[in-house]
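J.: Need coordinates for the following:
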Amino acid sequence: MEHILVYLSAHWLILTGGVLLGFLLGFMTGLFGAGGGFILTPVLNIFLGLPMNIAVGTSSCQVLGASTFSLYHHFDKRLLGIRVAAFMGLGIPAGSLLGVYAVRLLTGLPEITVLGRELKAVDFILLTFFAFFLAMISVFLVLDNFYLNKNKVDDESSHKGLLADLRIFPLVKFKTIPHGEFSASILVLIGFIVGFISGLLGIGGGVIILPVLFYLVGQETKYAALTGTMLIMASCLFSTIGHAFNRNIDYVLVIILLTGAFFGTKLGANTQKKVSGKSIRKYFAVIVMAAALVVIGKLLKMVCF
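T.: Predicted coordinates for the structure are as follows:
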């Protein structure tokens, strides 16, 4: 007991910061249906100095816990969104394990030289992909929510996804997709892609799930957030198992983060009930852009300074 007290007194700042960070990520999970891994992974690498493979694995495990808390707070006996999540979930295991395998291959690469500087290949490659990925999504979200459709009435009941007209067999009717039948095959393919991104970057896929379900599939924002939470939990379960076997997880840090996430998810779930779908998408766009700028800043520091 005495040893524990000594540890807590010596590391109270780190513990407090970890709990607060977990609370913030939990809040995002409850509000957006995005696990916050797209913020946690670069934070663990940039500010705590964890190698990217450890940051990815730890982030996957934390997001798994936070999404489980969020799903508990959002639980609805009607289980709205579960059928969409089930079809997408069919593609997640293979995608997640492929992403984990890709991280394993990158971890084994020797250092590379970029602009005269010796850098760890896994850190540089994953951060570069991360920066490009977040930048593309944030630009699209900001343009759509703040410029192109800023005066558009927020009527999601008549919303139609961009992939709705791809009539690939089998076609299924979903309660949470108002436009009509949607291709189950496309949902499985989307699940595979989300799973791969989850395993590769440890982000749960939430940063891509919400835009994909709203813009491509055609779900209403709040249903997309709920479906996203289910999918994040599934994708992170498989990627966490893979990273655990590869010893890429800092379990002590995960426990600290989940302590805050437990309370944050409840606040996020309650907040979601009080705001409009359009507002949720706007807030999400700003957060994704901020995360992209942080990662780009880290890359520039690695290469230029």
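
J.: what's the weakest-modelled helix or strand in the chain?
T.: Least confident element among the helices and strands of the chain, by mean pLDDT, DSSP states H and E: helix 2-10 (a mean of 45).

J.: Could I get the pLDDT score of the closest residue to G199 other than its chain neighbours?
T.: Among residues not flanking G199 along the chain, G99 sits closest, at 2.3 Å (C-beta to C-beta, 6 or more residues apart in numbering). Quick note: C-beta positions are derived from backbone N, CA and C, even for glycine. With respect to pLDDT, G99 has a value of 89.

J.: Regarding G99, what is its secondary structure?
T.: helix (DSSP: H, G, I helix; E, B strand; the rest coil).

J.: Surely it is in contact with F192?
T.: No: between G99 and F192 there is no contact under C-beta atoms under 8 Å: 10.2 Å.

J.: out of those two, which sits in the busier spot?
T.: Neighbour count, other C-beta atoms under 10 Å: between G99 and F192, G99 has more, with 28 against 18.

J.: and the nearest residue to I54 once chain neighbours are set aside, how many residues sit next to it?
T.: Excluding the flanking residues, the one nearest I54 by C-beta to C-beta, 6+ apart is N248, at 5.5 Å. Neighbour count of N248, defined by other C-beta under 10 Å: 27.

J.: contacting residues around N248?
T.: Counting by C-beta atoms under 8 Å, 6 or more residues apart in numbering, N248 makes contact with N53, I54, V56, G57, T58, V103.

J.: For the fifth one, give me the pLDDT.
T.: What it means is T58. 89.

J.: and if you look at the first one?
T.: Per-residue confidence at N53 stands at 85 (pLDDT).

J.: on that earlier part again, how close does the residue nearest to G199 sit to T58?
T.: 15 Å (C-beta to C-beta, to the nearest Å).

J.: E118 now?
T.: From E118 across to T58, the span is 25 Å (C-beta to C-beta).

J.: before we move on, what about F263?
T.: 20 Å.

J.: who's more crowded, these two?
T.: T58 (27 against 15).

J.: Report the next helix or strand after the helix or strand hosting that one in sequence order.
T.: Assigned by DSSP states H and E, T58 belongs to helix 52-74. Counting by DSSP H and E, the element after helix 52-74 in chain order, helix or strand, is helix 82-89.

J.: And that following helix, what's buried?
T.: For helix 82-89, a neighbour-count test (16 or more other C-beta atoms under 10 Å) marks I82, R83, V84, A85, A86, F87, M88, G89 as buried.

J.: out of those, who's nearest T259?
T.: Taking C-beta to C-beta as the measure, T259 lies nearest A85 of the buried residues of helix 82-89, at 27.1 Å.

J.: List the residues that contact the closest one.
T.: Contacts of A85 by C-beta under 8 Å, 6+ apart are T227, M230, L231, A234.

J.: same thing but at 10 Å, please
T.: Residues in contact with A85 (C-beta atoms under 10 Å, 6 or more residues apart in numbering) are 79, 92, 176, 187, 191, 209, 213, 226-234.

J.: ok, now T221?
T.: T221 neighbours (C-beta under 10 Å, 6+ apart): 32-33, 154, 156, 159, 210, 213-214, 272, 275-281, 284.

J.: For A224, see how far away the residue nearest to it when sequence neighbours are not counted is.
T.: Using C-beta to C-beta, 6+ apart and skipping residues adjacent in sequence, the residue nearest T221 is G277, 3.1 Å away. From G277 over to A224 the distance is 9 Å, taken as C-beta to C-beta.

J.: And these two? Which one has more around it.
T.: A224 (29 against 19).

J.: just checking, the more buried one touches I208?
T.: No: using C-beta atoms under 10 Å, A224 is not in contact with I208; the gap is 11.5 Å.

J.: any idea of the pLDDT on I203?
T.: pLDDT at I203 comes out at 65.

J.: how far does the one helix or strand G195 maps to sit from the chain's center?
T.: Element membership for G195, per DSSP H and E: helix 184-201. Chain-centre distance of helix 184-201: 12 Å, with C-alpha atoms, centre = their mean, to the nearest Å.

J.: got it, and stretch 167-187?
T.: What separates the centre of stretch 167-187 from the centre of its chain is 24 Å, taken as C-alpha atoms, centre = their mean.

J.: How about residues contacting that stretch?
T.: Contacts of stretch 167-187 (C-beta under 10 Å, 6+ apart): 78-91, 156-161, 163-166, 189, 213, 216-220, 222-224, 226-227.

J.: distance between the ends of it?
T.: End-to-end distance of stretch 167-187: 12 Å, with C-alpha to C-alpha, to the nearest Å as the criterion.
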